[in-house]
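Colleague: Compute the structure for the input listed below.
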Amino acid sequence: MLARSLVACLLSFPATIALVGLFLLATSGAPALRLPSLLMIFPIWVGLASASYLIPHTGKAAALLTGVSLAGFAAIALLRYLGVSA
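Modeller: Numbers count the residues shown, from 1 in each chain. Model (predicted):
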């Protein structure tokens, strides 16, 4: 249970930051959405941490959250490299 809790708490936070970052990148033309989306970091983090308990194996949950984080940050880096965002 300790391993699952560590996976849920530690790996869901980078996934949350990647998802919120992608949302902010997609809505870069709407500065009114910046603060509300940053305020949604905590509820999304708690939701991802809670959802990781639904996955039956700790290793699969860790792999899924790591994959979401890596894919999100790779997409952000690719979009910045292509010049889509500032």
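Colleague: residues in contact with Pro56?
Modeller: If you count contacts by CB atoms under 8 Å, 6 or more residues apart in numbering, Pro56 has none. Heads up, the C-betas are built off the backbone N, CA and C, glycines and all.
Colleague: Secondary structure element for it, which one?
Modeller: In this assignment (DSSP states H and E), Pro56 forms part of neither any helix nor any strand.
Colleague: Over to Val46?
Modeller: Using DSSP H and E, Val46 falls in helix 41-51.
Colleague: in that helix, what's buried?
Modeller: 44-45, 48-49 (16 or more other CB atoms under 10 Å).
Colleague: starting at the chain centroid, how far to whatever helix or strand comes next after that helix?
Modeller: Heading C-terminal from helix 41-51, the first helix or strand you meet, by DSSP H and E, is helix 58-82. On the basis of CA atoms, centre = their mean, to the nearest Å, helix 58-82 sits 8 Å off its chain's mean C-alpha point.
Colleague: Go through helix 58-82 and flag the buried ones.
Modeller: By neighbour count with 16+ other CB under 10 Å, helix 58-82 contains the buried residues 58, 61-62, 64-65, 68-69, 72-73, 76, 79.
Colleague: Likewise for stretch 19-35?
Modeller: 19-22, 24.
Colleague: so which of the residues you listed comes closest to Val7?
Modeller: Leu19 (17.1 Å; CB to CB).
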